[in-house]
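[1] Structure of the sequence below:
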Amino acid sequence: MAGFWGKRKREQEELHAQDADVARRAQIALVATDERIRVTTDELAFADAELGPTSTKDLRDALESVRTHMSEAFHLHQLNHDDIPDTPEELRTRNARIVQLCEWAEELLDDRTAALAEPIERARRAPEIIARVRADTARLRTRVPHARETVQRLAARYAPEALEQVESNPSEADQLLGFAEHSATVAERRREAGQREQANLALEASTEAARRAATLIDAVETFEVEALRAESTLAAVVEESREDLMAARSAPQVPTVTTAMSNLQAVLKTLPAVGVNTDPFALLSRLRDANSELDSAISAARERAARVIPDMAHVRHAIDDADQQLAVARSVIAGHRGWIGADARTRLAEAERLRTNLDHFLGTSASTAITIDDDHREQALTFARRVAFLAGEALQLAQRDINSSRPPGGDQWGPPGPGGGRRGGGSDLMGGLLGGFVIGSLLDGMFD
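    Numbers count the residues shown, from 1 in each chain. So this is what the prediction gives:
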């Protein structure tokens, strides 16, 4: 008994210590959050001056929401210290709620002020950014004439469709640079007029325009390098393609291989003569696709040649055997519905499903199919054998269920014969059917 009371006392002391810790945390959190609200209010005023009220709307809304919910926290704290006695549970619940509200307020204000940190920093550095944009535009303008010359030089070497992606880049870059300079001037004037929000928008537009102009000019020079590389690669791929065509003659000459060879030869014939403007990227893509088609066709043909393709008569026999066994199993189970369990029914259902899938696989009724192409024979044989196996299992399981359901001293076919012997019937018939399936399986194996 002393041990019980000692344990109870320790638990109460631990609970009191936890309550005291939560109460202390609630008081500290209230003070910290209230101070954070005051600091954030000052930051909002500064952000309004730098960015304008539209950009700071999210922070303003967050502050309003925090003030609303913190009034609840202060009210709860007041209830903890009024003259009305409170139970420990009430104090514990209130303090936990105060801590929760303060943590939520801190997280919300952190998120909103962090989102404004970069725009504020950019606004503070506006004069420096404007100067950098003007320096960048001046430097990029010196590159525009060279980009125009490059496009003209490329036009003398490559087809117009190859230059579509870069031929207008110098003109577009020139326009963007003019827009960047104008936007920088607008940003400067709006900032001097105290219109910080409009100034920041103009500054963002200016920096983005200068960045896009640089990308367009760089793309011209990159295109020239990539085009030269594509020409060099094209010559190597052409030589490789001709070698592949020579090697393909020793591959099995099935329709897919001969078609792929013809396609590759057609692509090689479309290659322009020396001195004719070309699109090396398009030619290289077409040649690679034709090469890949030939490689895939040869690989498939060699793999198929390495396999032993079942004879059509063998496949035909397997399908007929599967249909026969399925028909017998279906007939036996349908004639003894009340005695057949779930296992036999499941095997029969699965066999019928696979038999339907075999028809879908061949695209016609397998029972009437006269020919099956080489690519489908092996799979059709597998389907048929699986159907036959499941039908045989269904029949065996059906026989088990029938035997277990037979009344004592008799069978499903009639009363015992003279002398206690069984009259020839169910078991003999089932045995004959199963024996026929065994013989059928042996005959089927002779075709392997």
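[2] Give the other helices and strands that the longest helix along the chain contacts.
    Looking across the chain with DSSP state H, the single longest helix is helix 196-248. Under the contact definition 3 or more Cβ pairs under 8 Å, 6 or more residues apart in numbering; DSSP states H and E, helix 196-248 sits against helix 2-51, helix 88-124, helix 126-141, helix 144-155, helix 169-192, helix 255-269, helix 280-306. No exception for glycine: its C-beta is placed from N, CA and C like everyone else's.
[3] go with 10 Å
    Other helices and strands packing on helix 196-248, by 3 or more Cβ pairs under 10 Å, 6 or more residues apart in numbering; DSSP states H and E, are helix 2-51, helix 88-124, helix 126-141, helix 144-155, helix 160-163, helix 169-192, helix 255-269, helix 280-306.
[4] The closest residue to T56 other than its chain neighbours: how many residues sit nearby?
    Spatial nearest neighbour of T56, excluding adjacent residues (Cβ to Cβ, 6 or more residues apart in numbering): A47 at 4.7 Å. For A47, the neighbour count with other Cβ atoms under 10 Å is 23.
[5] count of residues packed around A297?
    With other Cβ under 10 Å as criterion, A297 counts 22.
[6] With R97 instead?
    15.
[7] repeat for D374
    12.
[8] Could I get the contacting residues of it?
    Neighbouring residues of D374 by Cβ atoms under 10 Å, 6 or more residues apart in numbering: V254, R304, R307, I309, P310, M312.
[9] okay if I get the helices and strands packed on helix 196-248 as CSV plus distance to R60 and mean pLDDT?
    Formatted as CSV, these follow (distance: least, Cβ to Cβ, whole Å; pLDDT from 0 to 100):
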stretch, distance to R60, mean pLDDT
helix 2-51, 6, 76
helix 88-124, 9, 84
helix 126-141, 22, 88
helix 144-155, 44, 91
helix 160-163, 52, 85
helix 169-192, 22, 90
helix 255-269, 65, 86
helix 280-306, 53, 84
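[10] Kindly compare burial across those and name the winner.
    Most buried of the helices and strands packed on helix 196-248, by mean neighbour count (mean count of other Cβ atoms under 10 Å): helix 169-192, with a mean of 19.
[11] Now do that one against helix 144-155, angle only.
    Angle of helix 169-192 versus helix 144-155, following axes from the mean of the first three to the mean of the last three Cα atoms, to 10 degrees, is 160 degrees.
[12] circling back: could you give the angle of the longest helix of the chain to helix 280-306?
    Put simply, helix 196-248 runs at 50 degrees to helix 280-306, going by the same axes, to 10 degrees.
[13] now helix 196-248 and helix 2-51, what's the angle there?
    Using the same axes, to 10 degrees: helix 196-248 against helix 2-51 is 100 degrees.
[14] for the record, mean pLDDT for helix 196-248?
    What helix 196-248 shows for mean pLDDT is 87.
[15] Report the distance from that helix to the chain centre.
    Remark: helix 196-248 is offset 28 Å from the chain centroid, using Cα atoms, centre = their mean, to the nearest Å.
[16] ok and it relative to helix 126-141, angle-wise?
    Using the same axes, to 10 degrees: helix 196-248 against helix 126-141 is 40 degrees.
[17] so where is the stretch 301-448 of the chain shaky, pLDDT-wise?
    Where the stretch 301-448 of the chain drops to pLDDT under 70, the residues are 307-308, 407-448.
[18] rewinding a little: for the residue nearest to T56, list the residues it contacts.
    Going by Cβ under 10 Å, 6+ apart, A47 touches 40, 53, 55-56, 59-60, 113, 116-117, 119-120, 123, 196.
[19] mind putting the residues you listed in a markdown table, distance to L354 included?
    Compiled in a markdown table, the contacts of A47 are given as follows (distance: Cβ to Cβ, whole Å):
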| residue | distance to L354 |
| --- | --- |
| T40 | 70 |
| P53 | 72 |
| S55 | 67 |
| T56 | 69 |
| L59 | 66 |
| R60 | 68 |
| T113 | 66 |
| L116 | 66 |
| A117 | 65 |
| P119 | 66 |
| I120 | 70 |
| A123 | 72 |
| R196 | 75 |
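[20] ok, of the residues you listed, which one's closest to E89?
    The closest of these to E89 turns out to be T40 (Cβ to Cβ; 34.2 Å).
[21] Would you agree that closest one is in contact with R112?
    Yes. Between T40 and R112 there is a contact under Cβ atoms under 10 Å: 8.3 Å.
[22] what sits in contact with each of those two?
    L59, A62, L63, V66.
[23] Next step: those restricted to helices.
    Applying DSSP H to these, the entries found in helices are L59, A62, L63, V66.
[24] about what we covered before: now the shared contacts of T40 and R112 in TSV, with distance to A344 and neighbour count?
    Listed next are the shared contacts of T40 and R112 as TSV, based on distance: Cβ to Cβ, whole Å; neighbours: other Cβ atoms under 10 Å:
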residue	distance to A344	neighbour count
L59	73	23
A62	69	20
L63	74	20
V66	71	22
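[25] for D86, helix, strand, or coil?
    Put simply, D86 is coil when judged by DSSP: H, G, I helix; E, B strand; the rest coil.
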